[in-house]
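Chemist: based on what follows, work out the 3D shape:
(one chain, ligands or ions: 1)
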Amino acid sequence: MPEEIVITSHPVHNLPDYESSYHSFSWQKEEQYLTGLPGNKGLNIAYEAVDRHAAGKLANTLALRCIRKDRSTRDFTYTDLQRLSARFANVLVNLGIKKGEKVFALTGRIPELYIAALGTFKVTAVFCPLFSAFGPEPVFQRLSRGDAKVLVTTRALFEKKVAPLLDRLPLLQFILLTDEEVVGNNKVLSLQGLMQAASDEFLIPATNPGDPALLHFTSGTTGMPKGALHVHHAVLTHYVTGKYVLDFQPGDIFWCTADPGWVTGTSYGIIAPLVNGITNVVDEEDFDAARWFSILEEQKVNIWYTAPTAIRRLMRMNIRPREEYKLQFLRLVGSVGEPLHAEAVLWGEEKLGLPVLDNWWQTETGGIMIANYPSLLVKPGSMGKPLPGIEAAIAEITDKDINILTAPGTQGHLVLKKGWPSMFCAYLHEDERYQKCFRGEWYITGDLAKRDADGYYWFVGRADDIIKTSGHMVGPFEVESILMEHTTVAEAAVIGKPDPVIGEMVKAFIVLKQGFTGNENVQQDIIAYARKKLGAAVAPKEIAFVSELPKTRSGKILRRLLKARELGLPEGDTSTLEQF
Ligand code: AMP
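Modeler: This next block holds a predicted model:
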């Protein structure tokens with residue numbers, strides 16, 4: 001077991017004592033820090049994130065800094081964001097868009113995306129951002145399943161990905177082009193033109209905290225993508241997690257590297273920093289190690305929220321960040337989206353002077369649910385402990401029943417007690433699929449995990465990625481973590497390959513670190529190491545060396561795709577596959 005680490009770099013945390021905060025926590029008490037719409041007219045994300053700050057001390061504070069590909073920047077204060085989002089809200093009203101109707105964005109990380117999100121919340125319509133790298137078919141699937149009425153996009157993306165599909169999208173009424181100055185026909189319009197003609201004052205209508213605000217598509221392991229719907233009340237989770245997990249302090253500069261096409265890029269790339277009144281940095285460009293470190297330096301980033309894939313890519317390189325870049329402002333590095341191996345946590349400690357703090361959540365939960373907190377002892381490889389206000393448990397699940405397992409170390413389904421503010425309220429048009437996620441008062445996450453005697457949660461795997469070999473249940477993460485310890489291994493993914501004798505055989509796909517070649521000696525050495533650590537029954541019996549692992553755009557290893565390819569089966573929904 002790797003050594004434990006206590007972070008001492010910042011003496012005053014918003015959550016100085018996890019245990020006592022967990023026991024005294026109340027969502028109602030936290031809600032008092034939000035303002036609510038004037039005149040008791042409810043709760044609206046855009047008001048909490050922007051307008052209330054624009055009306056107070058933070059009016060001229062930098063709210064959003066967008067870094068373009070060429071490194072030039074565009075800055076927006078809270079007042080700028082208030083006015084621009086008001087304009088966008090007026091554009092939607094002028095087009096006749098009503099409460100609950102769906103406004104999509106397909107743009108990349110440009111300012112218009114952020115303004116459109118806030119403006120959409122203001123009119124109580126529902127915002128759905130898409131990855132701009134999606135091909136025409138995934139775009140079509142989402143626009144059509146999500147009942148898109150308005151699409152904000154660029155001329156190039158429109159022509160390449162949407163124009164050929166227009167005939168198949170009868171509900172799509174307006175396409176607003178961000179880079180078109182001339183107002184087009186009745187359907188394809190210039191966003192700039194409409195924004196200029198619209199007023200920059202907008203009175204947010206009464207908003208029920210339970211009114212839908214956001215739609216995020218998430219790929220299932222089988223079937224088509226599901227549209228998880230989130231409500232305005234989710235802003236309370238964003239506020240609380242920004243404060244207690246990411247430890248936002250007044251004046252902080254925050255950078256979340258996720259694209260809003262993935263829920264992390266919306267909950268934490270838009271809402272959480274703004275609702276907490278800090279400065280949110282956005283980079284238009286994708287991963288680039290040198291660029292990323294220089295952004296951390298130049299922008300004096302205090303809190304950096306990224307993903308294991310990015311960290312593993314950095315680990316593969318020969319960089320000495322603290323010697324090569326001035327990173328003295330960096331106070332917290334967080335990670336989400338995939339298991340963060342102990343090696344990566346320790347890499348952070350060694351190379352950045354900060355252990356990478358893993359946290360767990362998913363599209364359906366709308367915000368961070370289990371986390372490592374800066375004031376809490378870190379057990380590298382663990383996801384940490386439940387957020388105050390969240391009750392998590394390990395359970396055994398049958399067709400109809402649920403049985404909570406309390407013995408420490410027992411493996412089972414990770415479940416959460418229903419009812420936190422950012423819990424998804426539906427899978428759009430798929431009520432049966434939604435209902436199946438619940439047993440009584442518990443939400444079933446689809447992940448397997450263990451809780452140790454100290455209350456820390458340890459990820460085991462997706463319930464559907466579990467391998468059964470010689471009667472043992474093997475979680476891929478457990479095997480991958482050991483493989484990652486081997487000096488030659490940069491990344492590993494493990495699947496179960498059907499075997500007539502042992503049911504399934506553990507097979508590993510391995511990306512080697514720079515400078516190593518995948519030959520038989522290395523293969524034998526890795527297998528021997530895994531056997532020593534895991535035992536012969538659990539260690540991989542087969543190893544394949546690959547140059548990249550198939551991953552989603554949010555960095556998740558697509559084990560089911562590796563398995564389908566291995567077995568020559570149909571690949572299923574690959575719309576979120578990252579192309580290298
Ligand atoms: P998504 O809805 O695309 O964000 O995917 C959510 C899933 O990603 C979870 O159900 C987990 O399987 C995985 N995941 C997210 N964060 C973590 C983490 N910290 N450790 C392990 N798995 C994670």
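Chemist: by mean pLDDT, flag the weakest helix or strand of the chain.
Modeler: strand 472-474 (a mean of 73; mean pLDDT, DSSP states H and E).
Chemist: contact partners of that one?
Modeler: Gln411, Ile466, Ile467, Lys468, Val494, Gly496, Val506, Ala537, Val538 (Cβ atoms under 8 Å, 6 or more residues apart in numbering). In this view, the C-beta of every residue, glycine as well, is placed from N, C-alpha and C.
Chemist: how far out from the middle of the chain is the top helix by length along the chain?
Modeler: For the chain, the helix that runs over the most residues, judged by DSSP state H, is helix 78-94. How far helix 78-94 lies from its chain's middle: 26 Å, per Cα atoms, centre = their mean, to the nearest Å.
Chemist: pull that helix out as CSV, backbone CA atoms only.
Modeler: Below are the C-alpha coordinates for helix 78-94, written out as CSV (Å, rounded to 0.1, in the frame of the first residue of the first chain):
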residue,chain,number,x,y,z
TYR,A,78,-19.3,39.4,-14.1
THR,A,79,-21.1,42.5,-15.5
ASP,A,80,-20.1,41.6,-19.1
LEU,A,81,-21.4,38.1,-18.6
GLN,A,82,-24.7,39.4,-17.2
ARG,A,83,-25.2,41.8,-20.2
LEU,A,84,-24.2,39.3,-22.9
SER,A,85,-26.3,36.5,-21.4
ALA,A,86,-29.2,38.9,-21.2
ARG,A,87,-28.8,39.7,-24.9
PHE,A,88,-28.7,36.0,-25.7
ALA,A,89,-31.8,35.4,-23.5
ASN,A,90,-33.6,38.2,-25.5
VAL,A,91,-32.5,36.6,-28.8
LEU,A,92,-34.2,33.4,-27.7
VAL,A,93,-37.3,35.2,-26.5
ASN,A,94,-37.5,37.1,-29.8
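Chemist: what packs against that helix?
Modeler: For helix 78-94, the contact count by 3 or more Cβ pairs under 8 Å, 6 or more residues apart in numbering; DSSP states H and E identifies helix 52-54, strand 62-67, helix 111-122, helix 191-197 as packing neighbours.
Chemist: for the least confident helix or strand of the chain, buried residues please.
Modeler: For strand 472-474, burial by neighbour count (16 or more other Cβ atoms under 10 Å) applies to Val474.
Chemist: excluding its backbone neighbours, what's nearest the residue of the stretch 1-150 of the chain found nearest the ligand?
Modeler: The stretch 1-150 of the chain approaches the ligand most closely through Phe131 (11.8 Å), counting by Cβ to the nearest ligand atom. Computed as Cβ to Cβ, 6 or more residues apart in numbering, the closest residue to Phe131 that is not its neighbour in sequence is Gly261, at 3.3 Å.
Chemist: which parts of the stretch 401-550 of the chain sit against the ligand?
Modeler: Counting by Cβ under 6 Å from any ligand atom, the residues of the stretch 401-550 of the chain lying close to the ligand are Thr445, Gly446, Asp447, Phe459, Arg462.
Chemist: give the bridge partners for the fourth one, please.
Modeler: Beta-bridge pairing for Phe459 (DSSP bridges): Ala449.
Chemist: on that earlier part again, and the least confident helix or strand of the chain, how far from the chain's centre?
Modeler: That offset, for strand 472-474, works out to 28 Å (Cα atoms, centre = their mean).
Chemist: that strand pairs with which strands, and in what direction?
Modeler: Its sheet considered, strand 472-474 pairs with strand 467-469 (antiparallel) by DSSP bridges.
Chemist: quick one: buried residues of the strand it pairs with?
Modeler: Ile467, Thr469.
Chemist: so where's the stretch 151-300 of the chain shaky on pLDDT?
Modeler: Judged against pLDDT under 70, the low-scoring parts of the stretch 151-300 of the chain cover residues 183-184, 219-224.
Chemist: distance check, whatever residue of it ends up closest to the ligand against Leu229.
Modeler: Nearest residue of the stretch 151-300 of the chain to the ligand: Thr218, at 4.6 Å (Cβ to the nearest ligand atom). Using Cβ to Cβ, to the nearest Å, Thr218 is found at 11 Å from Leu229.
Chemist: quick one, which of the two is more surrounded?
Modeler: Between Thr218 and Leu229, counting by other Cβ atoms under 10 Å, Leu229 is the more crowded of the two (21 against 18).
Chemist: now the more buried one, which residues is it bridged with?
Modeler: Leu229 has these beta-bridge partners by DSSP bridges: Leu215, Ala426.
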